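>>> following is a predicted model, sequence given first.
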Amino acid sequence: MKKFILTSLLIGASLYVMAQVNIIPKPVYLKTDLQNKGFTISSQTRIVIANDSLKNAAIFFNNYLEKYLQIKLTITAVKPASNYISLAINTKASEFDHAYLLGSSTNNVSITGTSKAGVFYGIQTLIQLLPTVKASALNIPAVTITDYPRFDYRGMHLDVSRHFFDVAAVKQYIDYLALRKMNYFHWHLTDDHGWRIEIKKYPKLTEIGAWRNGSIVGLWPGKGNEQIKYQVLPNEVKITPANAVIKTDGVRHGGFYTQDEIKEVIKYAADRYITIIPEIEMPAHSMAALAAYPEFGTDPKSGYKVAETWGMMNKYNNVFQPSEKTFGFLEDVLTEVMALFPSKYIHIGGDEASKIWWKQSAETQRIMKEKGIKDEIALQSYFIHRIEKFVNSKDKIIIGWDEILDGGLAPNAVVMSWRGEKGGIAAAKVSQKVIMSPEEKLYLNHKQFMKDDSLAANKFLSLETVYNYEPVPVELNAEQAKYIWGAQGNLWSEYIANPAKVEYMLFPRMDALSEIQWSQKEQKNFPDFLNRLKTQFKRYDLMGITYSKRYLTP
């Protein structure tokens, strides 16, 4: 009878511990100790760091405790006999980059990383061992964890052109990435709908290009525009009726980041071991820039204005004229951008450039003839290659959407494969770095239910589809697969106008994305993920994160 009771208690303890240990993304190795009651954090607990290089990790943890659980700890270099959380670096603790070892027992919690970033990732796991309700003492189960990332590039994107988000909202976004052990933030700063970064040499980019006079209402083409017909023909764009006027909400929208604000956000991200990759779009998606400086377009007298409608902007003239003065302008812009961002990588777009406007421009045709460029596809390649050469001269590397493959891939470029996997496969086969970000798998602006709770891009992307995506295509052999740098989720903001909607679209699909990026392929298991997600929803509630409650129903 006693044996039965003991067995029952152990089973109960095991179930209790497992209920507490629901970590996303899933660690490489996790073992619970049922004989140990675990560690209890109280206000007397100390965070012990060997030196100031680990202060960022300690502060991040302390901020989480204070903000969500109302406990603040002392950070110290003096280790007490017990009741402490120890952070340390040991480069020999693992053979893997940015790995960490986490152990918790009655006396202490220890996190040892092979790098500062590794320690920081250990802190994110420790956060997920905390209770999801406020209490005077916080109990952490006794565990042993060994963990390291699968991919070197673990990214998330945010479009601030369609809708502008202030510095506070961007910082919160970066914190969400940090909690999921992501290390790259792709900041989409310019597009047809607004130019969001101060460029001191060209003040009109923000004086004019950062503001639009209205936005369409509802899904494209927008309420009241249903009868307007667009035809993109081989040599012209035809709009019927010819005098059609786009109806919008008439609300002025805009904003931009000063260079000081950009620096502030860069530091904030760096403290969380996140590199920001800025995107400056070219040669298309440039209506906001052309509204400010029409002389760099193919039709300077056409009356460019910041776009008020969504959709493919090849319906409107949004391409730069490939002239010397245009390249001078772009080089000036990129010079200021590269001086701001420490990132080795600069995203230059390169997508959805309609060739019609170059065909119609006598000046473009003259330039092509002068330079021996045979057609507009080759012109796109010439444009990207020329920009790449300039960026490389500044010891930086370009990233571009997979259209940069058109006409011949720039020799040092990184390809971000969004039109499926074809572009990424082609690049990997010629030994160039690839970031997988296929629209049908990783665009989190797509609706998450067939009948969603709110307006979203009219494509369906379920949580399960995101989770089951595998970034390394089966078409690649082992050597080629090494060029898959990682994966990235994208969040385009046509139908996302406030931070709460950002959260609603991100969660829980970004949790699924994090497991794609971090966890080992053989560990992935969707039913197990859903089970761990139950605890994550409680953490969302604690943090005040907006998400669809439909996930809570069976």
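Received it, and whenever you're ready, just let me know what you need. Numbering: from 1, shown residues only.
>>> residues making contact with the helix or strand that contains residue 368?
Element membership of residue 368 [criterion: DSSP states H and E] is helix 362-371. With contacts defined as CB atoms under 8 Å, 6 or more residues apart in numbering, helix 362-371 is touched by 298, 321-323, 357-359, 373-376, 379, 382. Where C-beta positions appear, they are placed from N, C-alpha and C, glycine not excepted.
>>> as JSON lines, those residues with secondary structure, pLDDT and neighbour count would be great.
Converted to JSON lines, these look like this (DSSP: H, G, I helix; E, B strand; the rest coil; pLDDT from 0 to 100; neighbours: other CB atoms under 10 Å):
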{"residue": "298", "secondary structure": "coil", "pLDDT": "97", "neighbour count": "23"}
{"residue": "321", "secondary structure": "coil", "pLDDT": "98", "neighbour count": "22"}
{"residue": "322", "secondary structure": "coil", "pLDDT": "98", "neighbour count": "22"}
{"residue": "323", "secondary structure": "coil", "pLDDT": "98", "neighbour count": "16"}
{"residue": "357", "secondary structure": "helix", "pLDDT": "95", "neighbour count": "24"}
{"residue": "358", "secondary structure": "helix", "pLDDT": "96", "neighbour count": "26"}
{"residue": "359", "secondary structure": "helix", "pLDDT": "95", "neighbour count": "17"}
{"residue": "373", "secondary structure": "coil", "pLDDT": "97", "neighbour count": "21"}
{"residue": "374", "secondary structure": "coil", "pLDDT": "96", "neighbour count": "10"}
{"residue": "375", "secondary structure": "coil", "pLDDT": "95", "neighbour count": "12"}
{"residue": "376", "secondary structure": "helix", "pLDDT": "95", "neighbour count": "21"}
{"residue": "379", "secondary structure": "helix", "pLDDT": "96", "neighbour count": "24"}
{"residue": "382", "secondary structure": "helix", "pLDDT": "96", "neighbour count": "19"}
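>>> which of the residues you listed lies closest to residue 544?
Among these, residue 357 lies closest to residue 544 (CB to CB), at 46.3 Å.
>>> ok, the closest one touching residue 304?
No - applying CB atoms under 8 Å, one finds residue 357 not in contact with residue 304, separated by 11.6 Å.
>>> name the residues contacting each of those two.
residue 317.
>>> any chance you could map the strands in the stretch 201-350 of the chain?
Here the stretch 201-350 of the chain has its strands, by DSSP state E, counting those that start in this stretch, at 211-212, 229-232, 237-240, 253-254, 275-282, 345-349.
>>> residues of the helix holding residue 368 that come out buried?
364, 367, 368 (16 or more other CB atoms under 10 Å).
>>> would you turn these into CSV with distance to residue 491 and pLDDT?
Converted to CSV, the buried residues of helix 362-371 look like this (distance: CB to CB, whole Å; pLDDT from 0 to 100):
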residue, distance to residue 491, pLDDT
364, 34, 98
367, 37, 98
368, 37, 97
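>>> tabulate these in CSV, adding columns for distance to residue 534.
CSV is the format used below for these (distance: CB to CB, whole Å):
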residue, distance to residue 534
364, 57
367, 60
368, 59
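>>> in a markdown table, list the strands of the stretch 201-350 of the chain along with mean pLDDT and mean neighbour count.
Shown next, in a markdown table, are these (pLDDT from 0 to 100; neighbours: other CB atoms under 10 Å):
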| stretch | mean pLDDT | mean neighbour count |
| --- | --- | --- |
| strand 211-212 | 98 | 21 |
| strand 229-232 | 88 | 12 |
| strand 237-240 | 90 | 13 |
| strand 253-254 | 98 | 20 |
| strand 275-282 | 98 | 24 |
| strand 345-349 | 97 | 23 |
